[in-house]
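1. Turn this into a structure:
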Amino acid sequence: MSTPLLSDDEIATALKELPEWTHTGTSITRTVEAPSFMAGIELVRRVAAEAEAANHHPDIDIRWRRVTFTLSTHSEGGLTRLDTALAGEIDRLAQQS
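-> Coordinates of the predicted model:
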């Protein structure tokens, strides 16, 4: 099932609710600095569970305590509501770290 791409205005509106995220090209990105390496790994585990449940998976880069999440709906060639919804979940989970 196809998910429509967000317009530039819709992306700008969504990012007002997601202030930790930056928009570049066809993706949005956020880096979280966890209190420890293991806390960062636990955050990745919890995000992975949410992503699997949503069947929408981020690109994840782990560098010691810094975890970077990049979201884009590759099948659609850009940003969709799936990305902004998962970004909100990542924000929620990051606050729990």
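2. Mind telling me what element the residue nearest to residue 84 when sequence neighbours are not counted is part of?
-> Excluding the flanking residues, the one nearest residue 84 by C-beta to C-beta, 6 or more residues apart in numbering is residue 14, at 4.3 Å. Where you see a C-beta, it was placed from the backbone N, CA and C, and this is true even at glycine. Residue 14 is located in helix 8-17, with elements delineated by DSSP states H and E.
3. So for the helix or strand just after that helix, what gets flagged as buried?
-> Once the chain leaves helix 8-17, the next helix or strand it forms, by DSSP H and E, is strand 22-24. By 16 or more other C-beta atoms under 10 Å, strand 22-24 has no buried positions at all.
4. how close does the residue nearest the centre of the chain get to residue 37?
-> Here the mean C-alpha position of the chain is nearest to the C-alpha of residue 87 (C-alpha atoms, centre = their mean), at a distance of 3.8 Å. Per C-beta to C-beta, to the nearest Å, residue 87 is found 23 Å from residue 37.
5. avg pLDDT for the lengthiest helix in the chain?
-> If you go by DSSP state H, the chain has its longest helix at helix 37-54. Helix 37-54 carries an average pLDDT of 97.
6. That'll do, ta.
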